[in-house]
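**Q** Here you go, sequence then predicted model.
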Amino acid sequence: MDFDRSNSKPHVAILASPGLGHLIPVIELGKRFVTQHNFNVTLFVAPSPTSKAEAQQLQSATTPKIFDIVELPPIDISNIIEPGAAVVRVLRVIMREIRQSLRSAISNMQSLPNALIVDLFGTESMSIAEEFNMLKYIFLPANASFLALTIYTPFLDKQVEGEYEEQKEVLRIPGCSPVRPEDVVDPMLDRSNLQYHEYVQMGVEMAQGHVDGFLLNTWEDLQPKEMKAFRDDNQLGRIVKAPVYPVGPLVRPSGSSGRSSARKLFDWLDIQPSKSVIYVSFGSGGTLSYQQVTEIAWGLELSQKRFVWVVRPPSSDSTDAAFFHGGGDNRDPCTYLPEGFTKRTQHVGIVIPMWAPQMDILSHPSIGGFLSHCGWNSTLESLLNGVRMIAWPLYAEQRLNARLLTDGLGVAVQPKELPVKREVGREEIEEMVRKVMEDGKDGIRSRVNELKNGAQKALCKGGSSYDALYLIVKQCEQKLQIVE
(Lines give C-alpha, C1' and ligand atoms only; values in the text may rest on other atoms or scores of the structure.)
Protein backbone atom coordinates (compact mmCIF):
# COMPACT_ATOMS: atom_id res chain seq x y z
CA MET A 1 0.00 0.00 0.00
CA ASP A 2 1.57 3.30 -1.11
CA PHE A 3 1.02 6.54 0.78
CA ASP A 4 2.06 9.98 -0.36
CA ARG A 5 4.62 11.21 2.14
CA SER A 6 6.27 13.92 0.05
CA ASN A 7 6.64 17.31 1.73
CA SER A 8 4.28 16.19 4.43
CA LYS A 9 3.86 17.69 7.87
CA PRO A 10 3.43 15.48 10.93
CA HIS A 11 -0.05 14.05 10.86
CA VAL A 12 -2.12 12.82 13.82
CA ALA A 13 -5.36 10.86 13.58
CA ILE A 14 -7.73 10.99 16.55
CA LEU A 15 -10.62 8.59 17.13
CA ALA A 16 -13.45 9.95 19.27
CA SER A 17 -16.19 7.83 20.81
CA PRO A 18 -19.79 9.11 21.00
CA GLY A 19 -20.85 11.58 23.67
CA LEU A 20 -20.37 15.32 24.09
CA GLY A 21 -18.14 14.80 27.11
CA HIS A 22 -15.65 12.90 24.96
CA LEU A 23 -15.99 14.98 21.80
CA ILE A 24 -15.29 18.43 23.30
CA PRO A 25 -11.80 17.74 24.73
CA VAL A 26 -10.84 15.69 21.66
CA ILE A 27 -11.66 18.66 19.42
CA GLU A 28 -9.63 20.99 21.63
CA LEU A 29 -6.70 18.55 21.55
CA GLY A 30 -6.83 18.55 17.76
CA LYS A 31 -6.88 22.35 17.69
CA ARG A 32 -3.78 22.49 19.87
CA PHE A 33 -1.82 20.20 17.54
CA VAL A 34 -2.74 22.44 14.62
CA THR A 35 -2.39 25.92 16.12
CA GLN A 36 0.62 25.38 18.36
CA HIS A 37 2.62 22.81 16.38
CA ASN A 38 1.50 23.11 12.74
CA PHE A 39 0.34 19.50 12.50
CA ASN A 40 -2.17 17.98 10.15
CA VAL A 41 -5.02 16.42 12.13
CA THR A 42 -7.78 14.06 11.05
CA LEU A 43 -10.61 13.49 13.52
CA PHE A 44 -12.54 10.26 13.10
CA VAL A 45 -15.94 10.52 14.76
CA ALA A 46 -17.69 7.29 15.70
CA PRO A 47 -21.40 7.03 14.85
CA SER A 48 -23.61 7.98 17.75
CA PRO A 49 -27.17 7.44 18.94
CA THR A 50 -27.07 11.14 19.87
CA SER A 51 -29.56 13.27 17.98
CA LYS A 52 -29.04 16.95 17.23
CA ALA A 53 -26.98 17.90 20.28
CA GLU A 54 -23.74 16.20 19.28
CA ALA A 55 -23.98 17.20 15.62
CA GLN A 56 -24.46 20.84 16.62
CA GLN A 57 -21.52 20.67 19.01
CA LEU A 58 -19.27 19.18 16.34
CA GLN A 59 -20.25 21.85 13.85
CA SER A 60 -19.88 24.81 16.21
CA ALA A 61 -16.66 23.61 17.85
CA THR A 62 -14.89 23.10 14.51
CA THR A 63 -15.85 26.39 12.90
CA PRO A 64 -13.70 27.70 11.31
CA LYS A 65 -12.48 24.35 10.05
CA ILE A 66 -8.81 23.85 10.82
CA PHE A 67 -8.58 20.07 10.49
CA ASP A 68 -10.31 17.25 8.65
CA ILE A 69 -13.31 15.51 10.18
CA VAL A 70 -14.35 12.07 9.00
CA GLU A 71 -17.68 10.81 10.29
CA LEU A 72 -17.59 7.02 10.21
CA PRO A 73 -20.69 5.34 8.75
CA PRO A 74 -23.59 4.39 11.04
CA ILE A 75 -23.72 0.86 12.38
CA ASP A 76 -26.53 -1.31 13.68
CA ILE A 77 -25.71 -2.86 17.04
CA SER A 78 -29.27 -3.86 17.90
CA ASN A 79 -28.54 -7.53 17.25
CA ILE A 80 -25.38 -7.39 19.35
CA ILE A 81 -26.25 -5.37 22.41
CA GLU A 82 -28.57 -6.65 25.11
CA PRO A 83 -31.73 -4.65 25.95
CA GLY A 84 -31.12 -1.95 28.53
CA ALA A 85 -27.35 -2.14 28.19
CA ALA A 86 -25.43 0.40 30.29
CA VAL A 87 -23.52 3.29 28.76
CA VAL A 88 -20.00 1.83 28.95
CA ARG A 89 -21.20 -1.41 27.40
CA VAL A 90 -22.88 0.47 24.52
CA LEU A 91 -19.83 2.63 23.88
CA ARG A 92 -17.46 -0.31 23.88
CA VAL A 93 -19.62 -2.24 21.42
CA ILE A 94 -19.89 0.77 19.11
CA MET A 95 -16.13 1.29 19.16
CA ARG A 96 -15.53 -2.41 18.61
CA GLU A 97 -17.85 -2.56 15.60
CA ILE A 98 -16.44 0.51 13.83
CA ARG A 99 -12.93 -0.89 13.56
CA GLN A 100 -13.35 -2.10 9.99
CA SER A 101 -14.71 1.29 8.94
CA LEU A 102 -11.76 2.99 10.61
CA ARG A 103 -9.30 0.67 8.91
CA SER A 104 -10.88 1.36 5.52
CA ALA A 105 -10.92 5.10 6.12
CA ILE A 106 -7.21 5.11 6.97
CA SER A 107 -6.44 2.93 3.96
CA ASN A 108 -8.12 5.48 1.70
CA MET A 109 -6.12 8.43 3.03
CA GLN A 110 -3.55 9.96 0.70
CA SER A 111 -1.22 10.71 3.59
CA LEU A 112 -0.78 8.14 6.33
CA PRO A 113 -0.88 9.62 9.86
CA ASN A 114 2.22 9.22 11.99
CA ALA A 115 0.16 8.54 15.10
CA LEU A 116 -3.26 7.33 16.13
CA ILE A 117 -4.82 8.67 19.32
CA VAL A 118 -7.84 6.75 20.60
CA ASP A 119 -9.95 7.63 23.59
CA LEU A 120 -10.50 5.27 26.48
CA PHE A 121 -13.36 3.36 24.80
CA GLY A 122 -11.41 2.79 21.58
CA THR A 123 -8.47 0.84 22.96
CA GLU A 124 -9.25 -2.15 20.73
CA SER A 125 -8.38 0.00 17.70
CA MET A 126 -4.74 0.21 18.75
CA SER A 127 -4.06 -2.88 16.65
CA ILE A 128 -4.98 -0.83 13.58
CA ALA A 129 -2.20 1.62 14.43
CA GLU A 130 0.19 -1.33 14.53
CA GLU A 131 -0.96 -2.47 11.09
CA PHE A 132 -0.07 0.93 9.62
CA ASN A 133 3.12 1.36 11.67
CA MET A 134 1.81 4.37 13.55
CA LEU A 135 2.58 5.58 17.04
CA LYS A 136 -0.34 4.85 19.33
CA TYR A 137 -1.65 6.85 22.26
CA ILE A 138 -4.66 6.66 24.54
CA PHE A 139 -6.40 9.91 25.45
CA LEU A 140 -8.48 10.01 28.61
CA PRO A 141 -10.72 13.11 28.84
CA ALA A 142 -10.43 12.69 32.60
CA ASN A 143 -8.06 13.16 35.53
CA ALA A 144 -5.23 11.10 36.98
CA SER A 145 -7.42 9.45 39.62
CA PHE A 146 -9.63 7.96 36.93
CA LEU A 147 -6.70 6.54 34.98
CA ALA A 148 -5.22 5.12 38.17
CA LEU A 149 -8.48 3.39 39.14
CA THR A 150 -9.07 2.07 35.62
CA ILE A 151 -5.58 0.66 35.30
CA TYR A 152 -5.74 -0.94 38.75
CA THR A 153 -9.27 -2.38 38.58
CA PRO A 154 -8.10 -5.69 37.00
CA PHE A 155 -6.01 -6.17 40.17
CA LEU A 156 -8.87 -5.13 42.45
CA ASP A 157 -11.05 -7.61 40.58
CA LYS A 158 -8.86 -10.42 41.92
CA GLN A 159 -8.32 -8.95 45.39
CA VAL A 160 -11.81 -7.82 46.40
CA GLU A 161 -14.62 -10.21 47.27
CA GLY A 162 -18.22 -9.11 46.83
CA GLU A 163 -19.44 -5.75 45.56
CA TYR A 164 -17.07 -2.81 45.86
CA GLU A 165 -19.74 -0.58 47.40
CA GLU A 166 -20.14 -3.02 50.28
CA GLN A 167 -16.48 -3.00 51.29
CA LYS A 168 -15.69 -1.72 54.79
CA GLU A 169 -12.20 -0.50 53.93
CA VAL A 170 -11.07 2.00 51.32
CA LEU A 171 -9.70 0.69 48.03
CA ARG A 172 -5.94 1.23 47.93
CA ILE A 173 -4.09 1.99 44.70
CA PRO A 174 -0.25 2.03 44.89
CA GLY A 175 0.99 5.56 45.48
CA CYS A 176 -2.43 7.19 45.05
CA SER A 177 -5.12 8.62 47.28
CA PRO A 178 -7.40 5.80 48.47
CA VAL A 179 -10.85 5.45 46.90
CA ARG A 180 -13.89 5.22 49.13
CA PRO A 181 -16.10 2.27 48.10
CA GLU A 182 -19.09 4.58 47.54
CA ASP A 183 -17.05 6.73 45.13
CA VAL A 184 -16.17 4.05 42.58
CA VAL A 185 -17.11 4.62 38.95
CA ASP A 186 -20.48 3.38 37.70
CA PRO A 187 -19.18 0.25 35.92
CA MET A 188 -17.88 -1.01 39.30
CA LEU A 189 -21.27 -0.82 41.03
CA ASP A 190 -22.48 -4.20 39.75
CA ARG A 191 -19.89 -6.87 39.09
CA SER A 192 -22.44 -9.13 37.39
CA ASN A 193 -23.22 -6.50 34.74
CA LEU A 194 -21.51 -6.79 31.35
CA GLN A 195 -20.51 -3.15 31.74
CA TYR A 196 -18.18 -4.15 34.58
CA HIS A 197 -16.45 -6.78 32.47
CA GLU A 198 -15.96 -4.25 29.68
CA TYR A 199 -14.42 -1.83 32.16
CA VAL A 200 -12.02 -4.45 33.56
CA GLN A 201 -10.99 -5.31 30.01
CA MET A 202 -10.33 -1.64 29.31
CA GLY A 203 -7.89 -1.62 32.21
CA VAL A 204 -6.17 -4.75 30.90
CA GLU A 205 -5.85 -3.28 27.40
CA MET A 206 -4.42 -0.04 28.73
CA ALA A 207 -1.79 -1.83 30.79
CA GLN A 208 -0.88 -4.44 28.17
CA GLY A 209 -1.47 -2.49 24.97
CA HIS A 210 2.18 -1.46 24.52
CA VAL A 211 1.12 2.10 23.80
CA ASP A 212 3.51 5.00 23.33
CA GLY A 213 1.79 7.09 25.96
CA PHE A 214 -1.34 8.19 27.79
CA LEU A 215 -2.70 11.71 27.43
CA LEU A 216 -4.69 13.10 30.37
CA ASN A 217 -6.97 16.13 30.46
CA THR A 218 -5.32 17.52 33.57
CA TRP A 219 -2.10 19.27 34.52
CA GLU A 220 0.91 18.24 36.57
CA ASP A 221 0.33 20.32 39.71
CA LEU A 222 -3.34 19.41 40.08
CA GLN A 223 -2.58 15.83 41.16
CA PRO A 224 1.17 15.55 41.81
CA LYS A 225 0.75 12.44 43.99
CA GLU A 226 -0.91 10.42 41.23
CA MET A 227 1.50 11.70 38.57
CA LYS A 228 4.44 10.62 40.73
CA ALA A 229 2.87 7.17 41.20
CA PHE A 230 2.69 6.64 37.42
CA ARG A 231 6.44 7.25 37.20
CA ASP A 232 7.50 5.15 40.19
CA ASP A 233 8.34 1.54 39.38
CA ASN A 234 7.44 0.58 42.95
CA GLN A 235 3.95 2.08 42.60
CA LEU A 236 1.73 2.37 39.50
CA GLY A 237 4.80 2.58 37.29
CA ARG A 238 5.13 -1.19 37.54
CA ILE A 239 1.76 -1.48 35.79
CA VAL A 240 1.73 1.59 33.53
CA LYS A 241 4.79 1.03 31.37
CA ALA A 242 4.08 3.91 28.99
CA PRO A 243 4.63 7.56 29.97
CA VAL A 244 1.64 9.58 31.16
CA TYR A 245 1.35 13.05 29.67
CA PRO A 246 -0.89 15.60 31.45
CA VAL A 247 -1.79 17.96 28.57
CA GLY A 248 -4.85 19.76 29.98
CA PRO A 249 -6.94 21.56 30.77
CA LEU A 250 -8.61 21.08 27.37
CA VAL A 251 -11.89 22.99 27.44
CA ARG A 252 -14.06 24.75 24.89
CA PRO A 253 -13.22 28.46 24.77
CA SER A 254 -15.63 31.18 25.76
CA GLY A 255 -16.68 33.50 22.95
CA SER A 256 -19.15 35.97 21.57
CA SER A 257 -21.43 33.21 20.29
CA GLY A 258 -22.73 32.65 23.82
CA ARG A 259 -23.82 36.24 24.19
CA SER A 260 -25.55 36.34 20.85
CA SER A 261 -27.52 33.18 21.54
CA ALA A 262 -28.62 34.28 25.03
CA ARG A 263 -28.62 38.06 24.97
CA LYS A 264 -31.29 38.48 27.65
CA LEU A 265 -29.31 36.31 30.06
CA PHE A 266 -26.06 38.21 29.58
CA ASP A 267 -27.76 41.58 29.76
CA TRP A 268 -29.03 40.48 33.18
CA LEU A 269 -25.64 39.13 34.27
CA ASP A 270 -23.98 42.38 33.26
CA ILE A 271 -25.89 44.34 35.92
CA GLN A 272 -25.32 41.89 38.79
CA PRO A 273 -22.59 42.47 41.41
CA SER A 274 -19.29 40.64 41.05
CA LYS A 275 -19.30 36.98 42.23
CA SER A 276 -22.97 37.28 43.31
CA VAL A 277 -24.66 34.66 41.07
CA ILE A 278 -24.63 30.89 41.43
CA TYR A 279 -24.86 28.88 38.23
CA VAL A 280 -26.80 25.60 38.45
CA SER A 281 -26.48 22.92 35.77
CA PHE A 282 -26.26 19.13 35.73
CA GLY A 283 -24.83 18.81 32.24
CA SER A 284 -26.27 17.42 29.04
CA GLY A 285 -26.50 13.87 30.35
CA GLY A 286 -27.94 14.09 33.85
CA THR A 287 -31.54 14.05 35.03
CA LEU A 288 -33.14 14.37 38.46
CA SER A 289 -36.36 13.18 40.08
CA TYR A 290 -39.38 15.46 40.33
CA GLN A 291 -38.97 15.71 44.11
CA GLN A 292 -35.27 16.58 43.83
CA VAL A 293 -35.98 19.33 41.30
CA THR A 294 -38.56 20.69 43.74
CA GLU A 295 -36.08 20.68 46.64
CA ILE A 296 -33.44 22.47 44.57
CA ALA A 297 -35.97 25.15 43.63
CA TRP A 298 -36.89 25.71 47.26
CA GLY A 299 -33.24 25.66 48.34
CA LEU A 300 -32.35 28.36 45.84
CA GLU A 301 -35.33 30.47 46.86
CA LEU A 302 -34.60 30.12 50.58
CA SER A 303 -30.94 31.08 50.08
CA GLN A 304 -32.01 34.43 48.64
CA LYS A 305 -28.96 34.32 46.37
CA ARG A 306 -29.00 35.28 42.71
CA PHE A 307 -28.99 32.29 40.38
CA VAL A 308 -28.98 31.05 36.79
CA TRP A 309 -30.49 27.57 36.57
CA VAL A 310 -30.32 25.42 33.45
CA VAL A 311 -33.16 23.08 34.22
CA ARG A 312 -34.23 19.84 32.57
CA PRO A 313 -37.55 18.07 33.03
CA PRO A 314 -37.54 15.47 35.82
CA SER A 315 -37.12 11.84 34.91
CA SER A 316 -37.96 8.55 36.57
CA ASP A 317 -35.14 6.91 34.62
CA SER A 318 -31.49 6.67 35.65
CA THR A 319 -29.49 9.82 36.29
CA ASP A 320 -27.61 9.30 33.01
CA ALA A 321 -30.82 8.90 31.02
CA ALA A 322 -29.96 11.74 28.66
CA PHE A 323 -26.36 10.70 27.92
CA PHE A 324 -26.87 9.82 24.27
CA HIS A 325 -29.88 11.82 23.15
CA GLY A 326 -28.99 14.98 25.05
CA GLY A 327 -32.55 15.35 26.24
CA GLY A 328 -35.63 15.84 24.09
CA ASP A 329 -38.29 16.90 26.57
CA ASN A 330 -38.91 20.60 26.03
CA ARG A 331 -41.72 21.14 28.53
CA ASP A 332 -42.18 24.58 30.02
CA PRO A 333 -40.34 24.57 33.39
CA CYS A 334 -43.44 26.08 35.00
CA THR A 335 -45.13 22.70 34.53
CA TYR A 336 -42.73 20.91 36.91
CA LEU A 337 -41.21 23.61 39.13
CA PRO A 338 -43.02 24.58 42.37
CA GLU A 339 -46.09 26.68 41.74
CA GLY A 340 -45.21 30.37 41.61
CA PHE A 341 -41.43 29.75 41.80
CA THR A 342 -40.46 31.63 38.64
CA LYS A 343 -42.68 34.57 39.56
CA ARG A 344 -41.38 34.80 43.14
CA THR A 345 -37.75 34.66 41.99
CA GLN A 346 -38.04 36.74 38.82
CA HIS A 347 -35.87 39.54 40.22
CA VAL A 348 -33.11 37.31 41.64
CA GLY A 349 -32.87 34.43 39.22
CA ILE A 350 -33.24 33.20 35.66
CA VAL A 351 -34.48 29.74 34.68
CA ILE A 352 -33.25 28.48 31.31
CA PRO A 353 -34.74 25.31 29.78
CA MET A 354 -32.42 22.56 28.59
CA TRP A 355 -29.23 24.31 27.45
CA ALA A 356 -27.08 27.41 27.95
CA PRO A 357 -23.59 28.53 26.80
CA GLN A 358 -21.87 27.26 29.92
CA MET A 359 -18.29 28.44 29.35
CA ASP A 360 -19.52 31.94 28.57
CA ILE A 361 -21.59 31.96 31.74
CA LEU A 362 -18.81 30.65 33.99
CA SER A 363 -16.37 33.22 32.62
CA HIS A 364 -18.73 36.11 33.42
CA PRO A 365 -17.51 38.22 36.38
CA SER A 366 -20.87 38.06 38.16
CA ILE A 367 -20.67 34.25 38.59
CA GLY A 368 -19.38 33.25 42.02
CA GLY A 369 -20.47 29.62 42.39
CA PHE A 370 -21.41 26.54 40.40
CA LEU A 371 -23.77 23.75 41.53
CA SER A 372 -22.47 21.02 39.26
CA HIS A 373 -22.76 17.31 38.51
CA CYS A 374 -18.93 17.26 38.46
CA GLY A 375 -18.48 16.04 34.92
CA TRP A 376 -14.79 16.58 34.21
CA ASN A 377 -15.40 19.08 31.41
CA SER A 378 -17.62 21.19 33.68
CA THR A 379 -15.12 20.85 36.52
CA LEU A 380 -12.26 22.15 34.40
CA GLU A 381 -14.38 25.01 33.07
CA SER A 382 -15.19 26.00 36.63
CA LEU A 383 -11.58 25.80 37.83
CA LEU A 384 -10.27 27.74 34.84
CA ASN A 385 -12.62 30.58 35.75
CA GLY A 386 -11.91 30.49 39.47
CA VAL A 387 -15.50 29.51 40.35
CA ARG A 388 -16.18 27.65 43.61
CA MET A 389 -18.44 24.61 43.45
CA ILE A 390 -21.17 22.60 45.08
CA ALA A 391 -20.32 19.04 44.08
CA TRP A 392 -23.45 17.07 43.15
CA PRO A 393 -22.22 13.90 41.38
CA LEU A 394 -24.71 11.78 39.46
CA TYR A 395 -23.05 9.05 37.38
CA ALA A 396 -19.95 7.79 35.54
CA GLU A 397 -16.77 8.94 37.37
CA GLN A 398 -18.41 12.01 38.90
CA ARG A 399 -18.26 10.75 42.49
CA LEU A 400 -14.51 10.34 42.08
CA ASN A 401 -14.28 13.89 40.73
CA ALA A 402 -16.40 15.26 43.59
CA ARG A 403 -14.14 13.65 46.18
CA LEU A 404 -11.10 15.23 44.53
CA LEU A 405 -12.76 18.66 44.55
CA THR A 406 -13.86 18.48 48.18
CA ASP A 407 -11.28 16.44 50.13
CA GLY A 408 -8.37 16.65 47.71
CA LEU A 409 -8.43 20.25 46.50
CA GLY A 410 -10.74 21.97 48.97
CA VAL A 411 -12.57 24.03 46.33
CA ALA A 412 -16.06 22.57 46.76
CA VAL A 413 -18.68 21.56 49.29
CA GLN A 414 -20.82 18.44 48.99
CA PRO A 415 -24.10 17.11 50.44
CA LYS A 416 -23.77 15.03 53.60
CA GLU A 417 -24.81 11.94 51.64
CA LEU A 418 -24.41 11.21 47.94
CA PRO A 419 -27.37 12.62 45.97
CA VAL A 420 -27.80 9.26 44.20
CA LYS A 421 -28.47 7.67 47.60
CA ARG A 422 -31.19 10.04 48.78
CA GLU A 423 -32.91 13.27 47.90
CA VAL A 424 -31.10 16.31 49.31
CA GLY A 425 -33.46 18.56 51.25
CA ARG A 426 -34.02 22.26 50.69
CA GLU A 427 -32.45 23.30 54.01
CA GLU A 428 -29.19 21.53 53.18
CA ILE A 429 -29.21 23.02 49.69
CA GLU A 430 -29.77 26.49 51.13
CA GLU A 431 -26.86 25.97 53.53
CA MET A 432 -24.49 24.84 50.75
CA VAL A 433 -25.44 27.74 48.49
CA ARG A 434 -24.80 30.23 51.27
CA LYS A 435 -21.48 28.63 52.17
CA VAL A 436 -20.19 28.78 48.61
CA MET A 437 -21.51 32.25 47.82
CA GLU A 438 -20.57 33.95 51.09
CA ASP A 439 -16.81 34.30 51.31
CA GLY A 440 -16.09 32.79 54.71
CA LYS A 441 -12.89 31.71 56.44
CA ASP A 442 -12.71 28.30 54.77
CA GLY A 443 -10.30 29.50 52.08
CA ILE A 444 -12.25 28.06 49.14
CA ARG A 445 -11.97 31.26 47.11
CA SER A 446 -8.20 31.57 47.51
CA ARG A 447 -7.63 27.89 46.69
CA VAL A 448 -9.72 27.98 43.53
CA ASN A 449 -7.86 31.10 42.37
CA GLU A 450 -4.55 29.31 42.94
CA LEU A 451 -5.75 26.43 40.77
CA LYS A 452 -6.93 28.86 38.10
CA ASN A 453 -3.51 30.48 37.94
CA GLY A 454 -1.76 27.11 37.95
CA ALA A 455 -3.87 25.84 35.04
CA GLN A 456 -3.15 28.93 32.98
CA LYS A 457 0.60 28.63 33.60
CA ALA A 458 0.56 24.94 32.62
CA LEU A 459 -0.84 25.80 29.20
CA CYS A 460 1.68 28.53 28.38
CA LYS A 461 4.91 27.85 26.53
CA GLY A 462 7.30 26.39 29.08
CA GLY A 463 4.41 25.19 31.26
CA SER A 464 3.99 21.52 32.21
CA SER A 465 1.07 20.78 29.85
CA TYR A 466 2.66 22.60 26.92
CA ASP A 467 5.90 20.70 27.46
CA ALA A 468 4.07 17.37 27.82
CA LEU A 469 2.34 17.81 24.46
CA TYR A 470 5.65 18.95 22.94
CA LEU A 471 7.21 15.60 23.87
CA ILE A 472 4.50 13.85 21.85
CA VAL A 473 5.04 16.31 19.00
CA LYS A 474 8.75 15.43 18.91
CA GLN A 475 7.95 11.71 18.84
CA CYS A 476 5.65 12.24 15.85
CA GLU A 477 8.26 14.33 14.06
CA GLN A 478 10.86 11.63 14.61
CA LYS A 479 8.42 9.02 13.30
CA LEU A 480 7.91 11.10 10.15
CA GLN A 481 11.68 11.35 9.56
CA ILE A 482 12.11 7.60 9.98
CA VAL A 483 9.46 6.63 7.43
CA GLU A 484 10.72 9.21 4.95
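**A** Looks like it came in fine.
**Q** where do the helices sit along the stretch 201-350 of the chain?
**A** 224-231, 256-261, 263-270, 290-303, 341-344 (DSSP state H, counting those that start in this stretch).
**Q** who wins for proximity to residue 26 among those helices?
**A** For those, proximity to residue 26 was assessed by C-beta to C-beta; helix 256-261 is nearest, at 19.8 Å. Glycine gets a C-beta too; all of them are placed from N, C-alpha and C.
**Q** Quick one: neighbours of residue 14, just the number.
**A** By the measure other C-beta atoms under 10 Å, the count of residues near residue 14 is 24.
**Q** Residue 19 touches residue 90, doesn't it?
**A** No. Residue 19 lies out of contact with residue 90 (C-beta atoms under 8 Å); the separation is 10.0 Å.
**Q** Work out the gap between the helix or strand where residue 449 lies and the centre of the chain.
**A** Using DSSP states H and E, residue 449 sits in helix 444-459. Distance of helix 444-459 from its chain centroid, counting by C-alpha atoms, centre = their mean, to the nearest Å, is 19 Å.
**Q** More neighbours: residue 19 and residue 90, which one.
**A** Neighbours were tallied for residue 19 and for residue 90 using other C-beta under 10 Å; the higher tally belongs to residue 19 (25 against 21).
**Q** List the buried residues in stretch 201-211.
**A** 202-203, 205-207, 209, 211 (16 or more other C-beta atoms under 10 Å).
**Q** Over to stretch 450-461?
**A** Residues of stretch 450-461 classed as buried by neighbour count (16+ other C-beta under 10 Å): 451-452, 454-455, 458-459.
**Q** How about stretch 211-224?
**A** Those would be 211-223, for stretch 211-224 by 16+ other C-beta under 10 Å.
**Q** Mind checking which of those residues land in strands?
**A** 213-216 (DSSP state E).
**Q** Would you mind checking which of those residues is nearest to residue 192?
**A** For those, the nearest to residue 192 is residue 214 (29.3 Å; C-beta to C-beta).
**Q** Not including adjacent chain positions, what is the nearest residue to that closest one?
**A** Spatially, and ignoring its direct neighbours in sequence, residue 214 is nearest to residue 244 (4.7 Å; C-beta to C-beta, 6 or more residues apart in numbering).
**Q** pretty sure that neighbour contacts residue 148?
**A** No. Here residue 244 does not reach residue 148: they are 9.6 Å apart, not a contact under C-beta under 8 Å.
**Q** roughly how far out does stretch 211-230 sit from the chain middle?
**A** When distances are taken as C-alpha atoms, centre = their mean, stretch 211-230 is centred 16 Å away from the chain's centroid.
**Q** so how far is the first residue of that stretch from its last?
**A** Start-to-end span of stretch 211-230 (C-alpha to C-alpha, to the nearest Å) is 14 Å.
**Q** pLDDT weak spots in the chain?
**A** 1-7, 49-64, 256-258, 316-329, 440-441, 483-484 (pLDDT under 70).
**Q** Outline the domain layout of it.
**A** 11-252+461-483, 256-452 (automatic domain parsing).
**Q** list the contacts for residue 358?
**A** Neighbour list for residue 358: 279, 281, 310, 378, 381 [criterion: C-beta atoms under 8 Å, 6 or more residues apart in numbering].
**Q** Show me the beta-bridge partners of the first one.
**A** Bridge pairing for residue 279 (DSSP bridges) gives the partners residue 308, residue 370.
**Q** you'd agree it is up against residue 367?
**A** Yes. Applying C-beta under 8 Å, one finds residue 279 in contact with residue 367, separated by 5.4 Å.
**Q** what touches both of those two?
**A** 308, 361, 387.
**Q** and the last one, how many residues sit next to it?
**A** Neighbouring residues of residue 387 were enumerated by other C-beta under 10 Å; the total is 25.
**Q** Please tell me how far the closest residue to it other than its chain neighbours sits from residue 386.
**A** Excluding its sequence neighbours, the residue lying closest to residue 387 (C-beta to C-beta, 6+ apart) is residue 370, at 4.9 Å. Distance of residue 370 to residue 386, given as C-beta to C-beta, to the nearest Å: 11 Å.
**Q** what's the spacing between the residue nearest to residue 387 and residue 101?
**A** Applying C-beta to C-beta to residue 370 and residue 101 gives a distance of 39 Å.
**Q** And the helices of the stretch 201-350 of the chain: which comes nearest residue 120?
**A** helix 224-231 (15.6 Å).
**Q** And that closest one, what's buried?
**A** Of the residues in helix 224-231, 226-230 count as buried by neighbour count, 16+ other C-beta under 10 Å.
**Q** again with stretch 346-353
**A** 348-353.
**Q** any idea which of the residues you listed is closest to residue 262?
**A** If you rank those by distance to residue 262 using C-beta to C-beta, residue 352 comes first, at 7.5 Å.
**Q** Could you give the number of residues near the spatially closest residue to the closest one that is not a sequence neighbour?
**A** Sequence neighbours aside, residue 310 is the residue nearest to residue 352 in space, at 5.0 Å (criterion: C-beta to C-beta, 6+ apart). Residue 310 is flanked by 20 other residues according to other C-beta under 10 Å.
**Q** in the stretch 351-484 of the chain, which spans are strands?
**A** Secondary structure of the stretch 351-484 of the chain (DSSP state E, counting those that start in this stretch): strands at 367-372, 388-391, 412-413.
**Q** Residue 126: which of those strands is closest?
**A** Among the strands of the stretch 351-484 of the chain, strand 367-372 comes nearest to residue 126, with 33.0 Å by C-beta to C-beta.
**Q** tell me the angle that closest one makes with helix 444-459.
**A** Interaxial angle, strand 367-372 versus helix 444-459 (axes from the mean of the first three to the mean of the last three C-alpha atoms, to 10 degrees): 80 degrees.
**Q** Next, the angle from strand 367-372 to helix 290-303.
**A** Counting by the same axes, to 10 degrees, strand 367-372 points 160 degrees away from the direction of helix 290-303.
**Q** in what helix or strand does the closest residue to residue 39 other than its chain neighbours lie?
**A** Spatial nearest neighbour of residue 39, chain neighbours left out: residue 33 (4.1 Å); criterion: C-beta to C-beta, 6+ apart. Using DSSP H and E, residue 33 maps to helix 20-37.
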